[in-house]
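What would the 3D arrangement of this be:
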Amino acid sequence: MARHFAKAFERVVRIAAYAALLISGIGVLAWTPQSYEGISLAFTYAWGIFQVLGGGVALIALLARRVLWEWRVVLLAALGVGLYAGLSWVQVFTEAAVHMGRAGDITALFLLLVARWAMLWVKVEEAEALQLARQEAVQEDAWD
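Numbering: from 1, shown residues only. Modelled structure (predicted):
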């Protein structure tokens, strides 16, 4: 029973996380931050677009229970977060160390998204191997 609860809880948390990324990306695009002097607006727009696409499609994938979709787009979400992390580290090194907490937190989120992608990659590989084994078993049965 605890395993079932943990799996359901983890899914709800991921849904909330992808929804937050989607909302964050929309916010970046609708109310573009102007606090990054010397940084092209194209960089900021890319950050927002990647979060909208990655977070939005990953959210839809979770709601539709399509792990393969999530695997294909989670790196887009990570790229958007990674761009924001990069901008935050620029502020740490060019303005003030006071931005270090935010930069570190965002970098951690970026790394967790990349870890999620790697974990899903393993699941996809395992599913493909299982499917191949099933096909081979069916072929062997056909020859018997």
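
what residues does stretch 107-117 touch?
Contacts made with stretch 107-117 from outside it, assessed by Cβ atoms under 8 Å, 6 or more residues apart in numbering, are listed as 14, 71, 74-75, 77-78, 81-82, 85, 88-89. In short, each C-beta sits where N, CA and C put it, glycine included.

Please tell me which one of those residues counts the most neighbours.
Neighbours here are counted as other Cβ atoms under 10 Å. On that basis the top member of these is Ala77, with 32 neighbours.

Distance from the one helix or strand it maps to to the middle of the chain?
Using DSSP states H and E, Ala77 sits within helix 67-94. Between the centre of helix 67-94 and the centre of its host chain there is 8 Å, according to Cα atoms, centre = their mean, to the nearest Å.

and the angle for the helix or strand that it is followed by with helix 67-94?
Where DSSP H and E defines the elements, the next helix or strand beyond helix 67-94 is helix 100-143. Orientation note: helix 100-143 sits at an angle of 160 degrees relative to helix 67-94 (axes from the mean of the first three to the mean of the last three Cα atoms, to 10 degrees).

Would you check the distance separating helix 100-143 from the middle of the chain?
Going by Cα atoms, centre = their mean, where helix 100-143 is centred and where its chain is centred differ by 13 Å.

average model confidence for that helix?
Per-residue pLDDT values over helix 100-143 give a mean of 91.

Can you pull the phi/psi pair for Arg65?
phi 60, psi 50 (degrees, to the nearest 10).

how far away is it from Arg14?
Per Cβ to Cβ, to the nearest Å, Arg65 is found 12 Å from Arg14.

any idea how far the nearest residue to Arg66 once chain neighbours are set aside is from Gln91?
Sequence neighbours aside, Ile60 is the residue nearest to Arg66 in space, at 8.0 Å (criterion: Cβ to Cβ, 6 or more residues apart in numbering). With distances taken as Cβ to Cβ, Ile60 is found 33 Å from Gln91.

higher neighbour count, these two?
The residue with more neighbours, out of Ile60 and Gln91, is Gln91; 20 against 15, by other Cβ under 10 Å.

Which helix or strand contains the residue nearest to Arg66?
Assessed by DSSP H and E, Ile60 sits inside helix 41-63.
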